[in-house]
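coords below, sequence missing:
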């Protein structure tokens, strides 16, 4: 039995050989027993797209289990079902997504660029050149958390609560973030209490242009029940945190492992946008998304039954050699890098993807202005998760 969901694999990169084997021999594979019960692993790019784009058969809805392989972490809070934008099917999904999508839409990005650049430059100028420090804590977490505070218009001095709530929401109890389910519930209650207070304060302020204000004023979301509100808040926190944070760390790891690509970027800065896509493909900051079948379906020759859990492994699809030649190699001039699956596809594609790309682009531009390179100076600590694919710590040294 090949169970690629095993958390031990994700802490030591042991999943890559299994993904390669599955793509080659059993691209739609039924794992009969795991810590999360039976599930189908979908590991090939085209099969993932088939599942992503057929929401009539493959449901994201919370009542069917949501979008994470671990049902409890995905949709339960003290035995009550959470409902967020990402754990809804049409038409409710589109109605609630439209309430907040304008905040991070392309036309609004120029409004964010000056503040992102100012914060990035201020932070980079404080880093200790030539000394070892943790890139995750000092840069990736800090920049992402500052952006989250802006998107929510959250009290800036309390911004690190947002990162904490993201970690609590995506981790399994007992795996290094919360000790048990009771502690997890207590922290999520604090999140709900805090945002409910902000919701009430902004409900009648038509001038607000942040996630909380938009949710509180839009006709499709202003009368949400608490578990719907909490679900949406957590989705927006996680969406604004994990992809950007782990791409910022993944970029350092990629250029350290493939130093010739950094030289290529220095010589040709016009490759920057494509390099951003390749970083996000190579890192794949969200490892999987899950769906649940609501009708019989034959996927790449395998009969999927109603009620069965389907796990789309983005981390595997982004390394599919049928789509990405020499897929294990990081290549900033890869012609089809933008076809990566890291933001999802179809109606659930990450609405903040352009903002995430902008943050990463500005970070790299400012790094290239300052230093020769950033080298990894110790063993990275990988996140113990089969959902968030990233780093808990990344010791580095700046070489000026």
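Sure, I can see it. No experiment lies behind these values; they were computed from the predicted model shown.

run through this protein and note the low-pLDDT ranges.
Along the chain, segments meeting pLDDT under 70 span 72-80.

again, only this time at 90
1, 11-13, 62-66, 70-111, 166-186, 188-189, 199-232, 234-243, 345-352, 400 (pLDDT under 90).

find the nearest non-adjacent residue to residue 54, please.
Spatial nearest neighbour of residue 54, excluding adjacent residues (Cβ to Cβ, 6 or more residues apart in numbering): residue 297 at 7.6 Å. All C-beta atoms are positioned from the backbone trio N, CA, C, and that covers glycine.

so where do the helices sit in the stretch 51-200 of the chain?
Here the stretch 51-200 of the chain has its helices, by DSSP state H, counting those that start in this stretch, at 71-75, 92-100, 109-124, 135, 141-152, 160-170, 181-202.

quick one: buried residues of the last one?
Read it as helix 181-202. 181, 184, 185, 187, 188, 191, 192, 194, 195, 198, 199, 202 (16 or more other Cβ atoms under 10 Å).

same check, this time on the third one
Taking 16+ other Cβ under 10 Å as the basis for neighbour counts, the residues of helix 109-124 that come out buried are 112, 116, 117, 119, 120, 123, 124.

how far does stretch 48-68 sit from the chain's center?
17 Å (Cα atoms, centre = their mean, to the nearest Å).

if we can go back for a sec, enumerate every residue touching the residue nearest to residue 54.
Residue 297 is in contact with 54, 57, 58, 303, 304, counting by Cβ atoms under 8 Å, 6 or more residues apart in numbering.

so the last one sits against residue 38, correct?
No: the pair residue 304 and residue 38 fails to qualify as a contact (Cβ atoms under 8 Å) at a distance of 11.9 Å.

these two: who's more crowded?
More crowded of residue 304 and residue 38, by other Cβ atoms under 10 Å: residue 304, with 23 against 11.

check contacts around that one.
For residue 304, the contacting residues are 40, 293, 296, 297, 298, 310, by Cβ under 8 Å, 6+ apart.

the fifth one: neighbour count?
Yep, that's residue 298 we're talking about. A count of neighbours around residue 298, defined by other Cβ under 10 Å, yields 9.

and it, helix, strand or coil?
strand (DSSP: H, G, I helix; E, B strand; the rest coil).

ranges for the strands of the stretch 151-300 of the chain?
288-293, 297-299 (DSSP state E, counting those that start in this stretch).

and the stretch 301-400 of the chain, by the same measure?
With DSSP E, counting those that start in this stretch as the criterion, the stretch 301-400 of the chain has strands spanning 302-304, 309-313, 373-376, 381-382, 391-393, 395-399.

with distance to residue 215 added, can I get those in JSON lines?
Output for the strands of the stretch 301-400 of the chain, formatted as JSON lines (distance: least, Cβ to Cβ, whole Å):
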{"stretch": "strand 302-304", "distance to residue 215": "35"}
{"stretch": "strand 309-313", "distance to residue 215": "28"}
{"stretch": "strand 373-376", "distance to residue 215": "38"}
{"stretch": "strand 381-382", "distance to residue 215": "34"}
{"stretch": "strand 391-393", "distance to residue 215": "31"}
{"stretch": "strand 395-399", "distance to residue 215": "38"}
